[in-house]
Structures are given as C-alpha cells and as structure tokens.
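A.B. asks: just need the structure, nothing else, for what follows:
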Amino acid sequence: MSLSQTLQVFEAFDSRFASGQTVVDLLAPYRGQGVTVEVLKISGPKGSTDFVKIHIPGESGKRAGGTAKSLGIVGRLGGIGARPSRIGLVSDADGAIAAVASALKLAQMRGQGDALPGDVFLTTHICPDAPTRPHDPVDFMDSPIDTEDINAHEVWDEMDAVLSIDTTKGNRIINHKGYALSPTVKEGYILRVSEDLLRIMEMTSGRPAVTFPITTQDITPYGNGVHHLNSIMQPSIATSAPVVGVAITSESVVPGCGTGASHETDIAATVKFAVEVAKEFGRGTCAFYDVLEYARLIELYGSLAHLQKRQAL
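C.D. replies: Numbers count the residues shown, from 1 in each chain. Sure, this is the predicted structure:
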C-alpha cells in the first residue's frame, strides 16, 4: 500500500509555505533508522528552490561497505506551485510527491524491520512559486534555476540506476491515464525497454504494461534549440548509469501549471512501482539493460556520450 504515504505528502505540499523543511519533518520519525535528509537552497535568476536529498540505507548498502546495488529515484519537476499566477498544487508537482512518498514508504518499511538490500537515494526540489513558460501544445512549468544546476544536484555517482519520475501530461504522445515507462537510456544510447521493469509494472498495476516513445532530442540537454517531450530524460545527460523515465500521464492534454489536475491514485501506483523496483534492484533480480548487448553496440558503433554534452548555439 502506498496511497497513505502519497496522501500524506500531497497534503503537506499543497501549501504556499511548503519547503525542504516540509520533507525533513515528514521523515523526522525515521532518523533513528539511519534515514537522512539533506536540504540545500539554491537561488537563480527566477527565484529559488530547496533541493532535497534523501538516503534510505540498505542492509548490504554500499555506504556501509556492502555490495548491493543502489537505486536512484528522481522526482523531476519545475516546481510544485506557480504562485501567484496559480493557487494550489500544480500538475507538475506529481514527480516530487511520488519521490518523497516513495522515501516515506521505504522509511516506514525499514522501521517495521523490512530493510531493503541496497541503498536508495531519492532527490527532488521544492518550489511553491516557480515560473511558467510557453510550450506547444500547452504551457510548461519553468524552474527558478537552470537545468544544468538541477542535474548537478539530482544525480550523483552512487546511483547505479535511475528512475526519473515526471508529470508527462502536456503532450499528444501518451494517451493513457496512470503511468508509463520509457526505454532505458545510457550514455547517449536509447536501448530496449527493460523486460524486468515491464514485469514489475504489470505485477504492481495488475494491467498490461504501458510504454512511451522518446527521441534523440529528448536525451540531449535542454537549451540546445531542439524540441523535448519534457524534461523527464534530462537526468540521463548527467550520469553514466542507466536511466528510465516513469511518466505520470493522462488521456487528455494537461498543462504542467494546471491546478486540480493531480490524481492521487495514479501517483500512488507510481510509488508502488518505484518501491518494488527498489526491492528487486538491490537484490539483483531487476536489470535496467542488457550489459552484453550494450557492450556490443559500443563495439559496433562507438560511444554516443557526446549527446550528453551541451553544444554551443
């Protein structure tokens, strides 16, 4: 069950006073379990935001000298609110809610004696008054800081694989209410969709898996003058680890700055998926990509890591 944690985070974030301290308070009861929360306020030309880094230790986690793999879960967004132009929680907040609700669920599990094998690192940022910007077919939420700064704080070397969770409703590419998975991206290569992730999605949802297409444009840095579906794949430009986008979706086209457009049950289903992936990835029963096939691609066609670098316009 992840609905309880989702509702708890949802209500905490639905406030003009929401901040990184809100996340600290939500996870405060689990400090004795080794759960840590770091908050760093970063300012940019359009305001400021609180970056949040959460560590849920595993029984055989690498930080404690173990060998179990570490999963990264990124709540990707521009901001949880667009005040003063919009009142309330915006659709774009779904990724942040999902990431923090996942942390809360994992912390509660650890407190109940169900620690995972590997470490889990969860990151997002909290900004209740982010700007908006025009985008086709509907307006996007913008961020108070540059994408490069976001990437620098969202992803780090300890993450052996990354789930990037982002609201992805402002398009005509995905016409499904719930969530959907992208192909795996690794160092400029768009690889096949992970069979293990499809299996976990079908197991946790009880329905056929849903995926969505991405393009080369989507895995290049923002600000290069080409169209991006949204920023869901941007963590892939900042790491050599495999990255999979987990898109929280709708059947209709919904702007990221729309309020009253978040669906708690869809976020909770995404959280349930992320928690199950964390369980299996740490114990080695979930692979994001085929290592041998990737090595063969490198042998045949060379590195595509140059796609991760921002080019001068």
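A.B. asks: from T220, how far out is the closest residue to Y189 other than its chain neighbours?
C.D. replies: Of all residues not flanking Y189 in the chain, L304 sits nearest, at 5.4 Å (CB to CB, 6 or more residues apart in numbering). (Each C-beta comes from the backbone N, C-alpha and C, glycine too.) The spacing between L304 and T220, counted by CB to CB, to the nearest Å, is 11 Å.
A.B. asks: what segments of the chain are strands?
C.D. replies: Counting by DSSP state E, the chain has strands at residues 36-44, 47-56, 71-76, 120-126, 132-133, 140-141, 161-167, 178-181, 185-186, 189-190, 243-249.
A.B. asks: could you dump the ones you listed into a markdown table with distance to R310, mean neighbour count and mean pLDDT added?
C.D. replies: Compiled in a markdown table, these are given as follows (distance: least, CB to CB, whole Å; neighbours: other CB atoms under 10 Å; pLDDT from 0 to 100):
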| stretch | distance to R310 | mean neighbour count | mean pLDDT |
| --- | --- | --- | --- |
| strand 36-44 | 17 | 15 | 94 |
| strand 47-56 | 20 | 22 | 95 |
| strand 71-76 | 18 | 29 | 98 |
| strand 120-126 | 20 | 28 | 97 |
| strand 132-133 | 19 | 16 | 82 |
| strand 140-141 | 19 | 24 | 78 |
| strand 161-167 | 18 | 28 | 97 |
| strand 178-181 | 26 | 22 | 98 |
| strand 185-186 | 16 | 25 | 98 |
| strand 189-190 | 18 | 20 | 98 |
| strand 243-249 | 17 | 28 | 98 |
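A.B. asks: now the ones you listed in TSV, with distance to I298?
C.D. replies: TSV is the format used below for the strands of the chain (distance: least, CB to CB, whole Å):
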stretch	distance to I298
strand 36-44	35
strand 47-56	31
strand 71-76	23
strand 120-126	27
strand 132-133	37
strand 140-141	34
strand 161-167	18
strand 178-181	24
strand 185-186	10
strand 189-190	8
strand 243-249	17
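A.B. asks: run a quick neighbour tally on R86.
C.D. replies: 17 (other CB atoms under 10 Å).
A.B. asks: my read is that it contacts G256, right?
C.D. replies: No - judged on CB atoms under 8 Å, R86 makes no contact with G256 at a distance of 10.4 Å.
A.B. asks: who touches both of the two?
C.D. replies: T132 (CB atoms under 8 Å, 6 or more residues apart in numbering).
A.B. asks: grab the longest helix from this structure for me.
C.D. replies: If you go by DSSP state H, the chain has its longest helix at helix 264-283.
A.B. asks: now the helix or strand bottoming out on mean pLDDT in the chain, how far from the chain's geometric center?
C.D. replies: When each helix and strand of the chain is scored by mean pLDDT, DSSP states H and E, strand 140-141 comes last, with a mean of 78. Remark: strand 140-141 is offset 16 Å from the chain centroid, using CA atoms, centre = their mean, to the nearest Å.
A.B. asks: perfect, that will be all.
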